[in-house]
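**Student:** fold the following for me, if possible:
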Amino acid sequence: MDASAAKSKVLSLSSDVHTGNFKDSAAEEKSKSAKKALAAIEVSKEDIDVLVEELEISEDVADKALREVLFEGGGIVTVTVTDGGGEGAGAGASPLGEALRRLIRS
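**Tutor:** Numbering: from 1, shown residues only. So this is what the prediction gives:
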């Protein structure tokens, strides 16, 4: 690092101390990256409608919940069914089921 770059960094830190403007650029970049990834995920309009109707929430909240579930699960979800036709241990593992569960618990 040359002297002018070092001086610039010191002045920047000094002004941050006085203004209280501390930024973690790595955290900001991670947040921006996550927001872009969430925006790129396609969600079913029907699933959004189910959440809105059943939980009486806004479409934005339903959309965000579904996107987060799909983002965390990589969009690959499995559901298991027992021999008796009932739902097994993986029941509700669909994106809609998981979003419903999270929204009810929150």
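**Student:** the helices in the chain, which residues?
**Tutor:** 3-19, 25-40, 45-55, 59-73, 95-105 (DSSP state H).
**Student:** those into a markdown table, with extra columns for mean pLDDT and mean neighbour count?
**Tutor:** For glycine as for every other residue, the C-beta is placed from the backbone atoms N, C-alpha and C. Below are the helices of the chain laid out as a markdown table (pLDDT from 0 to 100; neighbours: other CB atoms under 10 Å):
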| stretch | mean pLDDT | mean neighbour count |
| --- | --- | --- |
| helix 3-19 | 61 | 10 |
| helix 25-40 | 86 | 10 |
| helix 45-55 | 95 | 15 |
| helix 59-73 | 92 | 18 |
| helix 95-105 | 92 | 17 |
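**Student:** so how far is residue 66 from residue 55?
**Tutor:** From residue 55 across to residue 66, the span is 12 Å (CB to CB, to the nearest Å).
**Student:** and if you look at residue 105?
**Tutor:** According to CB to CB, residue 105 stands 15 Å off from residue 66.
**Student:** now swap in residue 43 and tell me
**Tutor:** Counting by CB to CB, the gap from residue 43 to residue 66 is 4 Å.
**Student:** residue 54 too?
**Tutor:** With CB to CB as the criterion, residue 54 and residue 66 are 13 Å apart.
**Student:** for residue 44, what are its contacts?
**Tutor:** Neighbouring residues of residue 44 by CB atoms under 8 Å, 6 or more residues apart in numbering: 66, 96.
**Student:** if you set the cut-off to 6 Å instead, what comes out?
**Tutor:** By CB atoms under 6 Å, 6 or more residues apart in numbering, the contact list for residue 44 is empty.
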